[in-house]
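*Asks:* below are the sequence and a predicted model for it; my questions follow.
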Amino acid sequence: MRIHFISIGGSAMHNLAIALSNEGNTISGSDDIIFEPSKGRLKKYGLLPEKLGWDAERINTQIDAIVLGMHAKNDNPELLRAKELNLKIYSYPEFLYNQSKDKTRVVIGGSHGKTTITSMVLHVVNDLNIAVDYMVGAQLDGYETMVKLTEENKFIVLEGDEYLSSALDLRPKFHLYKPNVALLTGIAWDHINVFPTFENYVEQFKIFVDKIVDGGTLVYNNEDENIVAIVENSKRNLNFISYSTPKYKIEGGKYVIITEEGEFELEIFGKHNLQNLEGAKELCKQMGIDYIDFYKSISSFRGASRRLEEVYKDEKHLVYKDFAHSPSKVAASVSAVSERFVDDNKLVVLELHTYSSLNPKFLKEYKGSLDTVSNPLVYVDSEIVKNKRMDKITEDQIKIAFAKDDLLFFDKPEELKAYVLSKMKSTDVALFMSSGNLGGLELDKLV
(Lines give C-alpha, C1' and ligand atoms only; values in the text may rest on other atoms or scores of the structure.)
Protein backbone atom coordinates (compact mmCIF):
# COMPACT_ATOMS: atom_id res chain seq x y z
CA MET A 1 0.00 0.00 0.00
CA ARG A 2 0.98 3.64 -0.45
CA ILE A 3 0.16 5.49 2.77
CA HIS A 4 0.58 9.18 3.62
CA PHE A 5 0.82 10.40 7.22
CA ILE A 6 -0.48 13.89 7.99
CA SER A 7 1.36 14.86 11.20
CA ILE A 8 3.97 12.09 10.96
CA GLY A 9 6.10 13.48 13.80
CA GLY A 10 3.86 12.32 16.66
CA SER A 11 5.07 9.62 19.04
CA ALA A 12 2.61 6.96 17.92
CA MET A 13 2.36 8.26 14.35
CA HIS A 14 6.05 8.02 13.51
CA ASN A 15 6.30 4.56 15.05
CA LEU A 16 3.34 3.37 12.98
CA ALA A 17 4.91 4.87 9.85
CA ILE A 18 8.18 3.03 10.50
CA ALA A 19 6.37 -0.24 11.23
CA LEU A 20 4.37 -0.06 8.00
CA SER A 21 7.48 0.82 6.02
CA ASN A 22 9.26 -2.20 7.49
CA GLU A 23 6.41 -4.37 6.24
CA GLY A 24 7.01 -3.22 2.66
CA ASN A 25 4.52 -0.37 2.34
CA THR A 26 5.42 2.91 0.61
CA ILE A 27 5.25 5.66 3.23
CA SER A 28 5.26 9.45 2.92
CA GLY A 29 4.47 12.07 5.51
CA SER A 30 4.33 15.70 6.54
CA ASP A 31 4.34 17.86 9.66
CA ASP A 32 4.89 21.49 10.61
CA ILE A 33 7.28 20.64 13.45
CA ILE A 34 9.11 17.42 14.39
CA PHE A 35 11.02 16.98 17.64
CA GLU A 36 13.51 14.34 18.72
CA PRO A 37 13.48 11.39 19.00
CA SER A 38 10.89 11.26 16.19
CA LYS A 39 13.06 13.35 13.87
CA GLY A 40 16.15 11.16 14.16
CA ARG A 41 14.22 7.92 13.88
CA LEU A 42 12.30 9.05 10.79
CA LYS A 43 15.59 10.13 9.20
CA LYS A 44 17.15 6.74 9.99
CA TYR A 45 14.39 4.96 8.08
CA GLY A 46 14.32 7.44 5.19
CA LEU A 47 10.89 8.78 6.16
CA LEU A 48 11.73 12.32 7.31
CA PRO A 49 9.91 14.90 5.14
CA GLU A 50 12.29 16.91 2.95
CA LYS A 51 10.73 20.12 4.23
CA LEU A 52 8.44 21.06 7.10
CA GLY A 53 4.92 22.37 6.54
CA TRP A 54 1.79 21.31 4.73
CA ASP A 55 1.51 21.04 0.94
CA ALA A 56 -1.65 19.92 -0.84
CA GLU A 57 0.49 18.90 -3.84
CA ARG A 58 1.70 15.91 -1.82
CA ILE A 59 -1.79 14.41 -2.04
CA ASN A 60 -2.85 12.55 -5.18
CA THR A 61 -4.97 9.62 -6.34
CA GLN A 62 -1.98 7.23 -6.17
CA ILE A 63 -2.29 7.23 -2.37
CA ASP A 64 -4.24 4.26 -0.98
CA ALA A 65 -4.80 5.65 2.52
CA ILE A 66 -4.25 8.73 4.68
CA VAL A 67 -3.44 8.39 8.39
CA LEU A 68 -4.44 11.60 10.19
CA GLY A 69 -2.74 12.59 13.44
CA MET A 70 -4.40 14.51 16.27
CA HIS A 71 -1.97 17.42 15.75
CA ALA A 72 -3.48 18.20 12.32
CA LYS A 73 -6.44 20.60 12.28
CA ASN A 74 -9.68 20.51 10.29
CA ASP A 75 -8.43 23.12 7.83
CA ASN A 76 -5.16 21.33 7.07
CA PRO A 77 -4.60 21.78 3.30
CA GLU A 78 -3.45 18.19 2.82
CA LEU A 79 -6.53 16.91 4.63
CA LEU A 80 -8.81 19.13 2.54
CA ARG A 81 -7.18 17.83 -0.64
CA ALA A 82 -7.55 14.21 0.52
CA LYS A 83 -11.25 14.77 1.18
CA GLU A 84 -11.65 16.42 -2.22
CA LEU A 85 -10.15 13.30 -3.88
CA ASN A 86 -12.32 10.97 -1.74
CA LEU A 87 -9.26 9.17 -0.37
CA LYS A 88 -9.70 6.81 2.57
CA ILE A 89 -8.79 8.73 5.74
CA TYR A 90 -8.02 6.93 9.02
CA SER A 91 -7.10 8.09 12.48
CA TYR A 92 -4.22 5.96 13.72
CA PRO A 93 -6.41 3.92 16.18
CA GLU A 94 -8.89 3.30 13.37
CA PHE A 95 -6.04 2.15 11.13
CA LEU A 96 -4.70 -0.17 13.83
CA TYR A 97 -8.13 -1.73 14.28
CA ASN A 98 -8.55 -2.17 10.54
CA GLN A 99 -5.20 -4.01 10.42
CA SER A 100 -6.03 -6.25 13.39
CA LYS A 101 -9.67 -7.26 12.83
CA ASP A 102 -8.68 -10.92 12.50
CA LYS A 103 -6.39 -10.93 15.57
CA THR A 104 -7.06 -11.28 19.29
CA ARG A 105 -6.92 -7.67 20.46
CA VAL A 106 -5.59 -7.13 24.00
CA VAL A 107 -6.24 -3.51 25.06
CA ILE A 108 -4.97 -1.84 28.25
CA GLY A 109 -6.93 1.21 29.42
CA GLY A 110 -7.12 3.43 32.48
CA SER A 111 -6.08 6.88 33.69
CA HIS A 112 -2.72 5.60 34.89
CA GLY A 113 -0.47 2.57 34.52
CA LYS A 114 -1.48 1.58 31.01
CA THR A 115 1.93 2.27 29.45
CA THR A 116 3.65 0.31 32.22
CA ILE A 117 1.30 -2.68 31.97
CA THR A 118 1.56 -2.76 28.17
CA SER A 119 5.35 -2.60 28.55
CA MET A 120 5.30 -5.43 31.11
CA VAL A 121 3.30 -7.70 28.81
CA LEU A 122 5.65 -6.98 25.90
CA HIS A 123 8.70 -7.59 28.08
CA VAL A 124 7.37 -11.02 29.05
CA VAL A 125 6.38 -12.15 25.55
CA ASN A 126 9.73 -10.93 24.23
CA ASP A 127 11.59 -12.81 26.97
CA LEU A 128 9.61 -15.97 26.17
CA ASN A 129 10.11 -15.55 22.39
CA ILE A 130 6.38 -15.20 21.72
CA ALA A 131 5.71 -13.10 18.62
CA VAL A 132 2.88 -10.56 18.93
CA ASP A 133 1.87 -7.33 17.23
CA TYR A 134 1.71 -4.26 19.44
CA MET A 135 1.44 -0.52 20.00
CA VAL A 136 2.82 1.11 23.15
CA GLY A 137 3.60 4.73 24.01
CA ALA A 138 7.10 4.27 25.47
CA GLN A 139 10.42 3.04 24.17
CA LEU A 140 11.35 -0.41 25.51
CA ASP A 141 14.65 -2.27 25.70
CA GLY A 142 14.81 -4.91 22.99
CA TYR A 143 12.31 -3.16 20.71
CA GLU A 144 13.37 -1.05 17.73
CA THR A 145 9.92 0.43 17.12
CA MET A 146 6.94 0.76 19.41
CA VAL A 147 4.44 -0.39 16.78
CA LYS A 148 4.48 -3.74 15.00
CA LEU A 149 1.93 -5.01 12.48
CA THR A 150 2.19 -8.36 10.70
CA GLU A 151 -0.17 -10.71 8.90
CA GLU A 152 0.85 -13.82 10.82
CA ASN A 153 0.82 -12.91 14.54
CA LYS A 154 -2.33 -13.98 16.40
CA PHE A 155 -2.27 -11.37 19.19
CA ILE A 156 -1.96 -7.60 19.15
CA VAL A 157 -1.31 -5.74 22.42
CA LEU A 158 -2.54 -2.13 22.40
CA GLU A 159 -2.18 0.71 24.87
CA GLY A 160 -5.69 2.19 25.04
CA ASP A 161 -5.50 5.97 25.30
CA GLU A 162 -8.74 7.77 26.20
CA TYR A 163 -7.82 10.98 24.36
CA LEU A 164 -9.49 11.90 21.06
CA SER A 165 -8.55 10.13 17.82
CA SER A 166 -8.24 12.96 15.28
CA ALA A 167 -9.73 16.26 14.15
CA LEU A 168 -12.27 14.28 12.10
CA ASP A 169 -12.90 11.58 14.70
CA LEU A 170 -13.65 12.92 18.17
CA ARG A 171 -14.09 9.49 19.74
CA PRO A 172 -11.57 8.44 22.41
CA LYS A 173 -8.92 6.22 20.83
CA PHE A 174 -9.68 3.18 22.98
CA HIS A 175 -13.30 3.13 21.79
CA LEU A 176 -12.12 2.05 18.34
CA TYR A 177 -10.19 -1.10 19.21
CA LYS A 178 -13.12 -3.43 20.17
CA PRO A 179 -10.97 -5.64 22.42
CA ASN A 180 -11.28 -9.38 22.88
CA VAL A 181 -9.36 -9.01 26.15
CA ALA A 182 -9.35 -5.68 27.98
CA LEU A 183 -7.86 -4.30 31.20
CA LEU A 184 -8.81 -1.26 33.27
CA THR A 185 -6.33 0.07 35.84
CA GLY A 186 -8.32 2.85 37.47
CA ILE A 187 -10.08 6.14 36.85
CA ALA A 188 -8.82 9.55 37.94
CA TRP A 189 -10.17 12.62 36.16
CA ASP A 190 -7.91 13.94 33.38
CA HIS A 191 -8.08 15.81 30.03
CA ILE A 192 -10.58 18.37 31.33
CA ASN A 193 -10.32 20.33 28.08
CA VAL A 194 -12.15 17.41 26.44
CA PHE A 195 -14.04 15.91 29.39
CA PRO A 196 -15.21 18.93 31.42
CA THR A 197 -16.77 16.90 34.25
CA PHE A 198 -15.68 13.80 36.12
CA GLU A 199 -18.96 12.11 35.20
CA ASN A 200 -18.31 12.73 31.51
CA TYR A 201 -14.82 11.27 31.88
CA VAL A 202 -16.08 8.13 33.66
CA GLU A 203 -18.66 7.62 30.90
CA GLN A 204 -15.84 7.01 28.40
CA PHE A 205 -14.71 3.96 30.38
CA LYS A 206 -18.27 2.61 30.51
CA ILE A 207 -18.38 2.89 26.73
CA PHE A 208 -15.00 1.14 26.52
CA VAL A 209 -16.40 -1.85 28.45
CA ASP A 210 -19.42 -1.89 26.15
CA LYS A 211 -17.04 -2.10 23.15
CA ILE A 212 -15.49 -5.39 24.34
CA VAL A 213 -16.59 -8.19 22.03
CA ASP A 214 -19.41 -10.36 23.33
CA GLY A 215 -18.04 -13.21 25.45
CA GLY A 216 -14.70 -11.39 25.85
CA THR A 217 -12.71 -10.78 29.02
CA LEU A 218 -12.28 -7.73 31.25
CA VAL A 219 -9.39 -7.76 33.73
CA TYR A 220 -9.88 -4.99 36.29
CA ASN A 221 -8.36 -3.44 39.40
CA ASN A 222 -10.71 -4.21 42.28
CA GLU A 223 -9.05 -1.55 44.47
CA ASP A 224 -10.48 1.25 42.30
CA GLU A 225 -14.05 2.08 43.34
CA ASN A 226 -14.94 3.69 40.02
CA ILE A 227 -13.89 0.61 38.05
CA VAL A 228 -15.69 -1.69 40.49
CA ALA A 229 -18.89 0.37 40.06
CA ILE A 230 -18.68 0.00 36.26
CA VAL A 231 -18.18 -3.77 36.56
CA GLU A 232 -21.02 -4.21 39.06
CA ASN A 233 -23.43 -2.25 36.86
CA SER A 234 -22.40 -3.89 33.60
CA LYS A 235 -24.97 -6.07 31.84
CA ARG A 236 -22.40 -7.41 29.37
CA ASN A 237 -21.77 -11.10 28.73
CA LEU A 238 -18.09 -10.94 29.72
CA ASN A 239 -15.57 -12.91 31.73
CA PHE A 240 -14.63 -10.61 34.63
CA ILE A 241 -11.24 -11.15 36.32
CA SER A 242 -10.13 -8.91 39.18
CA TYR A 243 -6.66 -8.16 40.53
CA SER A 244 -5.16 -6.20 43.42
CA THR A 245 -1.82 -5.34 45.03
CA PRO A 246 0.06 -8.60 45.77
CA LYS A 247 1.83 -9.53 48.99
CA TYR A 248 5.38 -8.19 49.07
CA LYS A 249 8.32 -7.26 51.26
CA ILE A 250 11.33 -4.96 50.91
CA GLU A 251 14.77 -6.49 51.45
CA GLY A 252 17.93 -4.48 50.98
CA GLY A 253 16.02 -1.84 49.05
CA LYS A 254 14.64 -4.46 46.64
CA TYR A 255 10.96 -5.34 46.30
CA VAL A 256 10.14 -9.03 46.60
CA ILE A 257 6.69 -10.36 45.72
CA ILE A 258 5.37 -13.33 47.65
CA THR A 259 3.36 -15.73 45.48
CA GLU A 260 2.11 -19.31 45.46
CA GLU A 261 4.90 -19.98 42.95
CA GLY A 262 7.55 -18.69 45.38
CA GLU A 263 9.26 -15.37 46.08
CA PHE A 264 10.58 -13.23 43.21
CA GLU A 265 12.91 -10.24 43.52
CA LEU A 266 12.00 -7.34 41.22
CA GLU A 267 13.84 -4.49 39.54
CA ILE A 268 10.79 -2.22 39.79
CA PHE A 269 9.42 -0.76 43.03
CA GLY A 270 6.34 0.87 44.55
CA LYS A 271 2.85 -0.45 45.33
CA HIS A 272 1.43 1.00 42.13
CA ASN A 273 3.96 -0.91 40.02
CA LEU A 274 3.19 -4.11 41.92
CA GLN A 275 -0.50 -3.55 41.20
CA ASN A 276 0.36 -3.05 37.52
CA LEU A 277 2.35 -6.30 37.62
CA GLU A 278 -0.71 -8.23 38.81
CA GLY A 279 -2.79 -6.83 35.96
CA ALA A 280 -0.09 -7.76 33.43
CA LYS A 281 0.06 -11.27 34.91
CA GLU A 282 -3.66 -11.81 34.31
CA LEU A 283 -3.41 -10.51 30.74
CA CYS A 284 -0.51 -12.86 30.03
CA LYS A 285 -2.56 -15.74 31.43
CA GLN A 286 -5.24 -14.91 28.85
CA MET A 287 -2.51 -15.14 26.21
CA GLY A 288 -1.53 -18.64 27.31
CA ILE A 289 1.41 -17.79 29.62
CA ASP A 290 1.62 -19.64 32.95
CA TYR A 291 2.08 -17.66 36.16
CA ILE A 292 5.48 -19.22 36.90
CA ASP A 293 6.81 -18.25 33.47
CA PHE A 294 5.42 -14.76 33.91
CA TYR A 295 7.12 -14.26 37.28
CA LYS A 296 10.48 -15.52 35.99
CA SER A 297 10.34 -13.14 33.04
CA ILE A 298 8.98 -10.08 34.83
CA SER A 299 11.79 -10.23 37.42
CA SER A 300 14.14 -8.58 34.91
CA PHE A 301 11.72 -5.81 33.89
CA ARG A 302 13.29 -2.44 34.70
CA GLY A 303 10.34 -0.23 33.80
CA ALA A 304 9.07 1.73 30.83
CA SER A 305 10.90 4.78 29.53
CA ARG A 306 10.31 7.86 31.73
CA ARG A 307 8.24 5.86 34.22
CA LEU A 308 10.32 6.05 37.41
CA GLU A 309 13.31 5.70 35.11
CA GLU A 310 16.70 5.65 36.80
CA VAL A 311 18.92 8.16 34.98
CA TYR A 312 21.88 8.27 37.38
CA LYS A 313 23.34 6.17 40.18
CA ASP A 314 26.53 6.18 42.22
CA GLU A 315 27.42 5.14 45.76
CA LYS A 316 25.67 8.15 47.29
CA HIS A 317 23.07 9.37 44.81
CA LEU A 318 20.08 8.17 42.77
CA VAL A 319 18.20 10.26 40.21
CA TYR A 320 14.85 9.31 38.65
CA LYS A 321 12.75 10.97 36.00
CA ASP A 322 9.08 10.30 35.57
CA PHE A 323 6.38 11.28 33.08
CA ALA A 324 3.95 11.75 35.98
CA HIS A 325 1.79 14.84 35.56
CA SER A 326 -1.80 13.93 36.52
CA PRO A 327 -2.63 13.82 40.27
CA SER A 328 -2.94 10.03 40.47
CA LYS A 329 0.38 9.47 38.68
CA VAL A 330 2.16 12.03 40.86
CA ALA A 331 0.81 10.44 44.04
CA ALA A 332 1.83 6.94 42.90
CA SER A 333 5.39 7.94 41.96
CA VAL A 334 6.01 10.01 45.09
CA SER A 335 4.57 7.26 47.29
CA ALA A 336 6.84 4.67 45.63
CA VAL A 337 9.98 6.74 46.26
CA SER A 338 8.90 7.54 49.83
CA GLU A 339 8.27 3.88 50.67
CA ARG A 340 11.53 2.57 49.18
CA PHE A 341 13.82 5.35 50.43
CA VAL A 342 12.36 6.01 53.87
CA ASP A 343 15.40 7.53 55.59
CA ASP A 344 17.08 9.16 52.59
CA ASN A 345 17.28 12.88 51.95
CA LYS A 346 14.97 13.41 48.98
CA LEU A 347 14.50 16.14 46.37
CA VAL A 348 11.12 15.96 44.60
CA VAL A 349 10.39 18.30 41.68
CA LEU A 350 7.06 18.43 39.84
CA GLU A 351 6.40 20.54 36.75
CA LEU A 352 2.76 21.38 36.00
CA HIS A 353 2.66 21.53 32.22
CA THR A 354 -0.57 20.17 30.71
CA TYR A 355 -3.73 22.16 30.06
CA SER A 356 -5.53 20.29 32.86
CA SER A 357 -2.77 20.75 35.44
CA LEU A 358 -2.58 24.50 34.76
CA ASN A 359 -6.33 25.00 35.06
CA PRO A 360 -7.27 26.58 38.42
CA LYS A 361 -10.51 24.53 38.52
CA PHE A 362 -8.48 21.30 38.29
CA LEU A 363 -5.62 22.17 40.65
CA LYS A 364 -7.51 20.97 43.73
CA GLU A 365 -7.29 17.40 42.34
CA TYR A 366 -3.60 17.44 43.40
CA LYS A 367 -4.46 17.69 47.10
CA GLY A 368 -2.44 15.14 49.07
CA SER A 369 -0.35 13.95 46.11
CA LEU A 370 2.91 15.27 47.62
CA ASP A 371 2.14 14.58 51.27
CA THR A 372 4.71 11.80 51.74
CA VAL A 373 7.76 14.04 51.11
CA SER A 374 9.16 17.15 52.78
CA ASN A 375 9.76 20.42 50.92
CA PRO A 376 8.59 19.30 47.47
CA LEU A 377 9.11 21.76 44.63
CA VAL A 378 6.38 22.67 42.15
CA TYR A 379 7.42 24.46 38.97
CA VAL A 380 5.18 26.30 36.51
CA ASP A 381 6.76 27.91 33.45
CA SER A 382 5.15 31.36 33.37
CA GLU A 383 5.94 31.71 29.64
CA ILE A 384 4.11 28.47 28.80
CA VAL A 385 1.09 29.65 30.80
CA LYS A 386 1.14 32.90 28.85
CA ASN A 387 1.48 31.09 25.51
CA LYS A 388 -1.48 28.87 26.38
CA ARG A 389 -3.43 32.07 27.06
CA MET A 390 -4.27 30.93 30.58
CA ASP A 391 -4.41 32.91 33.81
CA LYS A 392 -1.19 33.23 35.81
CA ILE A 393 -0.69 30.58 38.50
CA THR A 394 0.36 31.98 41.88
CA GLU A 395 2.25 30.45 44.80
CA ASP A 396 -0.81 30.83 47.04
CA GLN A 397 -2.95 28.91 44.53
CA ILE A 398 -0.45 26.07 44.46
CA LYS A 399 -0.08 25.82 48.23
CA ILE A 400 -3.85 25.85 48.74
CA ALA A 401 -4.40 23.27 45.98
CA PHE A 402 -1.76 20.83 47.27
CA ALA A 403 -2.66 21.62 50.91
CA LYS A 404 1.03 21.52 51.84
CA ASP A 405 2.64 24.44 53.67
CA ASP A 406 6.28 23.37 53.17
CA LEU A 407 5.87 23.25 49.39
CA LEU A 408 8.28 25.40 47.35
CA PHE A 409 7.10 27.19 44.20
CA PHE A 410 9.04 28.52 41.21
CA ASP A 411 7.81 29.97 37.93
CA LYS A 412 11.11 31.07 36.36
CA PRO A 413 13.49 28.51 34.82
CA GLU A 414 16.68 30.21 36.03
CA GLU A 415 15.42 30.17 39.63
CA LEU A 416 14.46 26.50 39.31
CA LYS A 417 17.90 25.56 37.98
CA ALA A 418 19.74 27.54 40.65
CA TYR A 419 17.77 25.90 43.46
CA VAL A 420 18.16 22.37 42.07
CA LEU A 421 21.92 22.84 41.60
CA SER A 422 22.23 24.06 45.18
CA LYS A 423 20.50 20.93 46.50
CA MET A 424 21.75 18.09 44.31
CA LYS A 425 25.03 17.31 46.12
CA SER A 426 23.29 16.95 49.48
CA THR A 427 20.45 14.86 48.02
CA ASP A 428 20.40 11.05 48.27
CA VAL A 429 17.42 10.51 45.95
CA ALA A 430 16.06 12.99 43.40
CA LEU A 431 12.76 12.57 41.54
CA PHE A 432 11.88 14.84 38.61
CA MET A 433 8.29 14.59 37.32
CA SER A 434 7.17 16.33 34.15
CA SER A 435 5.53 15.88 30.75
CA GLY A 436 7.34 19.09 29.69
CA ASN A 437 11.04 19.97 29.75
CA LEU A 438 11.46 21.37 33.28
CA GLY A 439 12.32 24.82 32.01
CA GLY A 440 15.20 23.47 29.95
CA LEU A 441 16.76 21.72 32.94
CA GLU A 442 18.79 19.00 31.20
CA LEU A 443 19.00 16.09 33.64
CA ASP A 444 21.79 14.28 31.78
CA LYS A 445 24.07 17.33 32.06
CA LEU A 446 22.89 18.11 35.56
CA VAL A 447 23.80 14.72 37.01
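*Replies:* Looks like it arrived, so ask away.

*Asks:* and the strands in the stretch 101-250 of the chain, which stretches?
*Replies:* According to DSSP state E, counting those that start in this stretch, the stretch 101-250 of the chain carries its strands in the segments 104-109, 133-135, 147-148, 155-160, 181-184, 217-221, 239-243, 248-251.

*Asks:* out of those, which gets nearest to residue 58?
*Replies:* Between residue 58 and these, the shortest separation by CB to CB is 22.3 Å, and it involves strand 147-148. C-beta here means a position set from N, CA and C on the backbone, and glycine is covered the same way.

*Asks:* circling back to that earlier point, how about a markdown table for the strands of the stretch 101-250 of the chain, with distance to residue 395, mean pLDDT and mean neighbour count added?
*Replies:* A markdown table is the format used below for these (distance: least, CB to CB, whole Å; pLDDT from 0 to 100; neighbours: other CB atoms under 10 Å):
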| stretch | distance to residue 395 | mean pLDDT | mean neighbour count |
| --- | --- | --- | --- |
| strand 104-109 | 36 | 98 | 26 |
| strand 133-135 | 41 | 95 | 25 |
| strand 147-148 | 42 | 93 | 23 |
| strand 155-160 | 36 | 97 | 25 |
| strand 181-184 | 37 | 98 | 27 |
| strand 217-221 | 36 | 98 | 23 |
| strand 239-243 | 41 | 98 | 16 |
| strand 248-251 | 36 | 94 | 12 |
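
*Asks:* dump those to JSON lines, plus distance to residue 48.
*Replies:* Formatted as JSON lines, the strands of the stretch 101-250 of the chain follow (distance: least, CB to CB, whole Å):
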{"stretch": "strand 104-109", "distance to residue 48": "30"}
{"stretch": "strand 133-135", "distance to residue 48": "21"}
{"stretch": "strand 147-148", "distance to residue 48": "17"}
{"stretch": "strand 155-160", "distance to residue 48": "25"}
{"stretch": "strand 181-184", "distance to residue 48": "35"}
{"stretch": "strand 217-221", "distance to residue 48": "39"}
{"stretch": "strand 239-243", "distance to residue 48": "42"}
{"stretch": "strand 248-251", "distance to residue 48": "45"}
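
*Asks:* can you tell which of those is closest to residue 270?
*Replies:* Between residue 270 and the strands of the stretch 101-250 of the chain, the tightest spacing by CB to CB is seen for strand 248-251, at 10.2 Å.

*Asks:* which parts of this structure are helices?
*Replies:* Counting by DSSP state H, the chain has helices at residues 11-22, 38-44, 77-84, 92-99, 114-127, 198-210, 225-233, 271-286, 291-298, 327-340, 382-387, 395-402, 413-424, 443-446.

*Asks:* buried set for stretch 426-434?
*Replies:* In terms of neighbour count (16 or more other CB atoms under 10 Å), stretch 426-434 has its buried residues at 427, 429, 430, 431, 432, 433, 434.

*Asks:* so how many other residues sit close to the residue nearest to the last one when sequence neighbours are not counted?
*Replies:* The shortest distance from residue 434 to any residue other than its chain neighbours is 3.7 Å, reached at residue 351 (CB to CB, 6 or more residues apart in numbering). Using other CB atoms under 10 Å, residue 351 has 25 other residues around it.

*Asks:* if I look at residue 345, how far off is residue 163?
*Replies:* According to CB to CB, to the nearest Å, residue 345 and residue 163 sit 38 Å apart.

*Asks:* typo on my end, residue 327
*Replies:* Taking CB to CB, one finds residue 327 at 17 Å from residue 163.

*Asks:* same question, residue 297
*Replies:* 30 Å.

*Asks:* same check, this time on residue 82
*Replies:* From residue 82 to residue 163 the distance is 23 Å (CB to CB).

*Asks:* more neighbours: which of these two?
*Replies:* residue 82 (23 against 14).

*Asks:* need the contact list for that one.
*Replies:* Contacts for residue 82 were tallied using CB atoms under 8 Å, 6 or more residues apart in numbering; they are 4, 6, 59, 63, 66, 89.

*Asks:* save those residues as CSV, and put in pLDDT too.
*Replies:* Shown next, in CSV, are the contacts of residue 82 (pLDDT from 0 to 100):
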residue, pLDDT
4, 98
6, 98
59, 98
63, 98
66, 98
89, 97
